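**Student:** predicted model follows, preceded by the sequence.
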Amino acid sequence: MTESLSRGAGIAVVGAAGKTGAAVVAALEGLADVRRVVHTARRSGDFAVDLETGAGLADALSGCRGVYFIAPNVHPDEPALVRRVLTAAADAGVEHFVYHSVAWPYTPLMPHHVDKARCEDMLRTFGGLRWTILQPCAYAENFASVLDGTATEVDVPYSPDAAFSFVALADVAEVAARVLMEGPDIHHGATYELGGPEALTVRELCDRAAGPVSVKQVSVDEWMSRHGRDLTDDGRARLSAMFEFYDRHGFTAGNAVFESLLGRPPR
């Protein structure tokens, strides 16, 4: 990073078209000049970039003081994407890089989690940028039809009695916005685990629905035939490994830091 570069005022959200990126953009509304950095520009003001080559990143990050980075889900080489965006951010004089990681990143039985652990290590050793890492647990919104009362049955490719610390996406976005707005003077070097308010199984989540919801475990192959047809072979393998891990160990995380950052209990 070159010290003569003028510091910008904007915040770039890389991956703004996805559900997480859209939530972070919404949480920043009215607080900062936000740039939606996406693969395909669909709105006025969008910055289109190719994360595989880096095309468009220099323009997208120029004049920004902060970057929030969310990688495409189960990407086959997330560390390469992160290095590319880190380099572009440093070249643009960005002050603060906030990385959207995951709880339990170093979990060898889940390869895409391990990729995120490698990305975290890259942030810590890259140099020239101040950084923060967020590690959210699984989203409650993965069961949106249960939450909104429209579901009557749910099938999952792991034990419905495995425990999770489900988090509300809006809460994660609120923390992301706080970290970005308060900046690196407060949050540089921090890694924040974001777990929900309680350990809850999918069966218990369904029991709390407005109406009756039946829940059953299906095989990973059956789930993939219904929901994973558009995935690559690598993406299916990564998700399959994750489901097998969930079946044996669940996926829980602490909420003390989350509550402190929110200034209230997480939802």
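**Tutor:** All right, it came through fine.
**Student:** next up, phi/psi of the most centrally placed residue in the chain, please.
**Tutor:** What sits nearest the mean C-alpha location of the chain, by Cα atoms, centre = their mean, is His100, with 4.5 Å. Backbone torsions of His100, given as degrees, to the nearest 10, read phi -90, psi 100.
**Student:** my read: it touches Phe69, true?
**Tutor:** Yes. With contact defined as Cβ atoms under 8 Å, His100 and Phe69 form a contacting pair (6.3 Å). Bear in mind the C-beta positions are built from the backbone N, C-alpha and C, glycine included.
**Student:** identify the bridge partners of the closest residue to Phe69 other than its chain neighbours.
**Tutor:** Sequence neighbours aside, Val14 is the residue nearest to Phe69 in space, at 4.7 Å (criterion: Cβ to Cβ, 6 or more residues apart in numbering). With DSSP bridges as the criterion, Val14 is bridged to Val37, Phe69.
**Student:** pLDDT score assigned to Glu3?
**Tutor:** Per-residue pLDDT puts Glu3 at 36.
**Student:** can you give me the strands for the stretch 1-150 of the chain?
**Tutor:** Taking DSSP state E, counting those that start in this stretch as the test, the strands found in the stretch 1-150 of the chain are 10-14, 34-38, 47-48, 64-69, 96-100, 130-136.
**Student:** including mean pLDDT, could the ones you listed go into a markdown table?
**Tutor:** As requested, the strands of the stretch 1-150 of the chain are exported to a markdown table (pLDDT from 0 to 100):
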| stretch | mean pLDDT |
| --- | --- |
| strand 10-14 | 97 |
| strand 34-38 | 98 |
| strand 47-48 | 98 |
| strand 64-69 | 98 |
| strand 96-100 | 98 |
| strand 130-136 | 98 |
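**Student:** switch those strands over to TSV; also include distance to Ala55.
**Tutor:** Output for the strands of the stretch 1-150 of the chain, formatted as TSV (distance: least, Cβ to Cβ, whole Å):
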stretch	distance to Ala55
strand 10-14	13
strand 34-38	12
strand 47-48	9
strand 64-69	17
strand 96-100	20
strand 130-136	24
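**Student:** the helix or strand containing Ala170 vs strand 130-136, what angle?
**Tutor:** Under the criterion of DSSP states H and E, Ala170 resides in helix 169-182. With axes from the mean of the first three to the mean of the last three Cα atoms, to 10 degrees defining the directions, helix 169-182 sits at 170 degrees from strand 130-136.
**Student:** by contact count, what packs against helix 169-182?
**Tutor:** helix 19-28, strand 64-69, strand 96-100, strand 130-136, strand 190-194, helix 256-262 (3 or more Cβ pairs under 8 Å, 6 or more residues apart in numbering; DSSP states H and E).
**Student:** hmm, 10 Å instead?
**Tutor:** For helix 169-182, the packing partners by 3 or more Cβ pairs under 10 Å, 6 or more residues apart in numbering; DSSP states H and E come out as strand 10-14, helix 19-28, strand 64-69, strand 96-100, strand 130-136, helix 184-187, strand 190-194, helix 256-262.
**Student:** might you report the residue contacts of the residue nearest to Phe69?
**Tutor:** Contacts of Val14 were listed using Cβ atoms under 10 Å, 6 or more residues apart in numbering, and they are 21, 35-38, 47, 49, 51, 57, 60-61, 67-71, 81-82, 85, 88-89, 97, 100.
**Student:** ditto for His96
**Tutor:** Contacts of His96 by Cβ under 10 Å, 6+ apart are 11, 64-68, 89, 129-132, 179-180, 182-188.
**Student:** where in this structure is pLDDT low?
**Tutor:** Along the chain, the model assigns pLDDT under 70 to residues 1-8.
**Student:** how about Glu198, nearest residue that isn't a chain neighbour?
**Tutor:** According to Cβ to Cβ, 6+ apart, the nearest residue to Glu198 is Ser165 (7.3 Å).
**Student:** so how far is Pro157 from that neighbour?
**Tutor:** With distances taken as Cβ to Cβ, to the nearest Å, Ser165 is found 19 Å from Pro157.
**Student:** higher neighbour count, these two?
**Tutor:** Between Ser165 and Pro157, Ser165 has the larger neighbour count (other Cβ atoms under 10 Å), namely 25 against 22.
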